[in-house]
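Enquirer: Sequence below, structure please.
(one chain, ligands or ions: 4)
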Amino acid sequence: MRKRTVALYAGMGVLISVLTFMLMPAYSQEDIVTLQDSAFKDAQRPPAVFAHEDHNEKAEIEECNVCHHIYEGGKWVEDESSEGQGCSDCHNVEEGHPTRPLMKAYHDLCKQCHLDNDKGPITCGECHPKQ
Ligand code: HEC
Ligand code: HEC
Ligand code: HEC
Ligand code: HEC
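Expert: Numbers count the residues shown, from 1 in each chain. Ligands and ions are numbered 1, 2, ... in the order given. This next block holds a predicted model:
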């Protein structure tokens, strides 16, 4: 009786691990240490430094949708997040779309907050260090 219960729990443990593994996204935010968006066909600069988890902890950013935002009618929506989507899903590399182009989107988001906080890099070489 007791042996069977143990076996049952062990079995459930394996099942839960397998399910967790299957549900894990291919890339999780913990893995990100630099950004090089593949939407830019020929990268002009080295990848940008951005250790996703560490950065957001140090910068004390609590809400994901500060960056993974949703806009409706030109307004930021407080309770919604686009964390499953890449920036390039909404911001095109080329100009001429209603949303600002991708490079400007990155630069505006990253640099503006660093300027506002008087903390964090604001020069090209600090964000795109030579490899
Ligand atoms: C606060 C950080 C930050 C600063 C400062 C910054 N960049 Fe970027 N830049 C990024 C991020 C993030 C991306 C998107 C990731 C990528 O693909 O490199 C990007 C993308 C780019 C791209 C398009 C991708 C590529 O490599 O072709 C270019 C070009 C670029 N930056 C040039 C510059 C130049 C020139 C400056 C200085 C005037 C500069 N950046 C300053 C963070 C920064
Ligand atoms: C300071 C801005 C910022 C904050 C805050 C932030 N992220 Fe991200 N995150 C990014 C950027 C930039 C990328 C790369 C996007 C791309 O490649 O298009 C990214 C990528 C991701 C990815 C992987 C790629 C994808 O689009 O699926 C996940 C998952 C993710 N973030 C989840 C989160 C979660 C969950 C939070 C809140 C706990 C969060 N992020 C907070 C900037 C941020
Ligand atoms: C679901 C679509 C969507 C996604 C994903 C998305 N954006 Fe946006 N973003 C918009 C729309 C729509 C606007 C409003 C039009 C504009 O100002 O370009 C906007 C506005 C912005 C702005 C201007 C914010 C302000 O204060 O005025 C920046 C900067 C920006 N996005 C950067 C990014 C970056 C970087 C990412 C990836 C982390 C990202 N966006 C992901 C749709 C999106
Ligand atoms: C909402 C505000 C905010 C946004 C958006 C933001 N940062 Fe920062 N960042 C900070 C603050 C605050 C610091 C200083 C953290 C500290 O050391 O106290 C920082 C520091 C950094 C540093 C220094 C090293 C580190 O990880 O602390 C890098 C590199 C950096 N940011 C890159 C980026 C890039 C690239 C983006 C855009 C994808 C970005 N940041 C978007 C607030 C922000």
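Enquirer: For this structure, which residues are neighbours of ligand 3?
Expert: Taking Cβ under 6 Å from any ligand atom as the criterion, the chain approaches ligand 3 at residues 67-71, 82, 85, 87, 89-91, 99-100, 105-106, 108-109. Using the backbone N, CA and C atoms, a C-beta is placed for each residue, glycine as well.
Enquirer: Just give the closest residue to the residue nearest the centre of the chain, not the sequence neighbours.
Expert: Nearest to the centroid of the C-alpha atoms of the chain, with distances taken as Cα atoms, centre = their mean, sits residue 29, at 5.8 Å. The shortest distance from residue 29 to any residue other than its chain neighbours is 4.5 Å, reached at residue 52 (Cβ to Cβ, 6 or more residues apart in numbering).
Enquirer: Same check on residue 97?
Expert: Here the nearest residue to residue 97 in space, its sequence neighbours aside, is residue 91; by Cβ to Cβ, 6+ apart that works out to 7.8 Å.
Enquirer: now swap in residue 106 and tell me
Expert: Closest to residue 106 by Cβ to Cβ, 6+ apart is residue 87, at 6.7 Å.
Enquirer: residue contacts, the one you found?
Expert: Applying Cβ atoms under 8 Å, 6 or more residues apart in numbering to residue 87 gives the contacts 37, 102, 105, 106.
Enquirer: If you count neighbours, what's buried in stretch 120-128?
Expert: Using 16 or more other Cβ atoms under 10 Å as the test for burial, stretch 120-128 gives 120, 127, 128.
Enquirer: Among these, which one sits closest to ligand 3?
Expert: For the buried residues of stretch 120-128, the minimum distance to ligand 3 (Cβ to the nearest ligand atom) is 12.8 Å, reached by residue 127.
Enquirer: The closest one is in contact with residue 49, isn't it?
Expert: Yes. The pair residue 127 and residue 49 qualifies as a contact (Cβ atoms under 8 Å) at a distance of 6.2 Å.
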